[in-house]
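Colleague: I would like to see how this sequence folds:
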Amino acid sequence: MAPSAAAGPPSLARPSTSSSSHLRRAGSALQPVSVPRALVQGRRRLTGAVRAAPDAPPVVRAAVSAVTELLRALSPNKALRGAATQQQQGEEPDPDPTCGSVEDVLAVLRDDYRRAYFLTGDFTPGIYTEDCLFEDPTIKFRGLSRYSQNLGLLVPFFDSPSLELENIEKGSRAETKFVKATWKLRTYLRLPWRPLVAIGGSTTYDLDGDFKVTRHSESWDVSALQAIAQIFVSAPEEKLEGS
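Modeller: Numbers count the residues shown, from 1 in each chain. Purely as a prediction, here's the structure:
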């Protein structure tokens, strides 16, 4: 899920690093996601602003703006940056990958999905151009640094997140090569009413001649308005396995 909307916490504690079974929900094939490796390895995690796509319906633009201001007000990023500084001591960031083929890019993206980069902010910036276009049904903007900033704003508000990669494959259209991934995302949000966001979708990564991603484009199995509406609805806790 591209960084477009999330929620604020009743507390400012970051998600637990535990991967214990209490995060595994009954009847779900999704796996719990651990705390962002970005906090340990110094990947790009900054505080930024989320903006709605210019062509989005007025109600969507208004909702994105309202939720963004809420996140900015409640953001625990100062605390997270302090934790990151402490954990980065003695750690070296991963080097940028050298991709010489679509298969190389696909392998990097598969690894980013393994780390659930939508939900952890732990992605590989070296495979993107600096002016890469990022878009989903609610937002559209250019700039790798801005994408990193938006993820840095949203990630702290995800609670018990999970991301299932259903399929990832390479393809081509006209003279453009691309990688397409299909996924399911599920996460509670750290608001007092603890809403649940559950979205299925796909992301297409268009590549240039140097095998860099020039466009990161998402589509969802729900409308933009339906996705945003989930944020304002309280979701009951699912029963734990064996209970």
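Colleague: From the contact counts, what lies against the longest strand seen in the chain?
Modeller: If each strand of the chain is counted by residues according to DSSP state E, the longest one is strand 158-173. Strand 158-173 sits against helix 102-114, helix 117-120, strand 176-189, with contacts defined as 3 or more CB pairs under 8 Å, 6 or more residues apart in numbering; DSSP states H and E. Quick note: C-beta positions are derived from backbone N, CA and C, even for glycine.
Colleague: Reformat the ones you listed into a markdown table and put mean neighbour count next to each item.
Modeller: Listed next are these as a markdown table, based on neighbours: other CB atoms under 10 Å:
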| stretch | mean neighbour count |
| --- | --- |
| helix 102-114 | 16 |
| helix 117-120 | 24 |
| strand 176-189 | 19 |
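Colleague: right, and those - which one's nearest Thr214?
Modeller: strand 176-189 (8.7 Å; CB to CB).
Colleague: could you give the mean pLDDT of the helix or strand just after the closest one?
Modeller: Per DSSP states H and E, the first helix or strand lying C-terminal to strand 176-189 is strand 196-207. Taken as a whole, strand 196-207 carries a mean pLDDT of 97.
Colleague: quick one on the thing from earlier: with distance to Pro137 and mean pLDDT added, can I get the helices and strands packed on strand 158-173 in CSV?
Modeller: Formatted as CSV, the helices and strands packed on strand 158-173 follow (distance: least, CB to CB, whole Å; pLDDT from 0 to 100):
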stretch, distance to Pro137, mean pLDDT
helix 102-114, 20, 97
helix 117-120, 14, 93
strand 176-189, 13, 96
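Colleague: Any chance of those in a markdown table with distance to Lys140 as columns?
Modeller: Formatted as a markdown table, the helices and strands packed on strand 158-173 follow (distance: least, CB to CB, whole Å):
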| stretch | distance to Lys140 |
| --- | --- |
| helix 102-114 | 21 |
| helix 117-120 | 17 |
| strand 176-189 | 18 |
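Colleague: nearest to Pro195, of these?
Modeller: strand 176-189 (5.1 Å).
Colleague: That closest one - which strands sit beside it in the sheet, and in what orientation?
Modeller: As defined by DSSP bridges, the strand partners of strand 176-189 come to strand 158-173 (antiparallel), strand 196-207 (antiparallel).
Colleague: Mean neighbour count and distance to Leu119 added to those, as a markdown table?
Modeller: Listed next are these as a markdown table, based on neighbours: other CB atoms under 10 Å; distance: least, CB to CB, whole Å:
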| stretch | mean neighbour count | distance to Leu119 |
| --- | --- | --- |
| strand 158-173 | 16 | 4 |
| strand 196-207 | 19 | 10 |
